[in-house]
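Novice: Here is my input; please provide its structure:
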Amino acid sequence: MTPIIFHNPKCGTSRNTLAIMQASGETPEVVEYLKTPPSREYLVELLGLMNITPRELVRSKENVHAELGLDNPTLSDGQLIDAMITHPILINRPIVVTNRGAALCRPSERVFELLENAVSSFTKEDGEIVKHVKG
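Specialist: Numbers count the residues shown, from 1 in each chain. Prediction:
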């Protein structure tokens, strides 16, 4: 399968994740999810693939998170999913899907576990060097 990254080019973590993928020889399908958000059904599928809850995926740093009161613990998974579909900025990123699985790649080096031939080290935009121990 062609790897997929749900990407926000304004996000450093997302840019680093994409760069690690490319440095590892991958040519992923880049989905700028703010321009082309996933359908509700696909978002639910992604949550299942990542084995996380909607609350774990929702991005709390956005103003709309507070405006909608999404920190309310009584909100259902369905309500959180609906909020992410209505306001895609609430979907945390980057999400990567490969034939090895799917993950929210925060931090960006989390992508290593999803790559067949991950590079052994990578220098992030800020100069931090991350190493990947294969095995």
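
Novice: Does Val97 lie in a helix or a strand, and which?
Specialist: If you go by DSSP states H and E, Val97 is part of strand 95-98.

Novice: List the pairing partners of that strand within its sheet, with orientation.
Specialist: Paired neighbours of strand 95-98 in the sheet (DSSP bridges): strand 4-7 (antiparallel), strand 101-104 (antiparallel).

Novice: a markdown table please, covering the ones you listed and showing mean pLDDT.
Specialist: Putting those into a markdown table (pLDDT from 0 to 100) gives the following:
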| stretch | mean pLDDT |
| --- | --- |
| strand 4-7 | 98 |
| strand 101-104 | 98 |
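
Novice: winner for burial among those?
Specialist: Mean neighbour count (mean count of other C-beta atoms under 10 Å) peaks for strand 4-7 among those, with a mean of 22. Where C-beta positions appear, they are placed from N, C-alpha and C, glycine not excepted.

Novice: what's the helix or strand that that strand is followed by packed up against?
Specialist: The helix or strand immediately downstream of strand 4-7 is helix 12-23, counting by DSSP H and E. Identification of packing neighbours for helix 12-23 by 3 or more C-beta pairs under 8 Å, 6 or more residues apart in numbering; DSSP states H and E yields strand 4-7, strand 121-123.

Novice: which parts of helix 12-23 are buried?
Specialist: Across helix 12-23, burial judged by 16 or more other C-beta atoms under 10 Å covers 13-21.

Novice: same thing with stretch 106-115?
Specialist: 108-112, 114-115.
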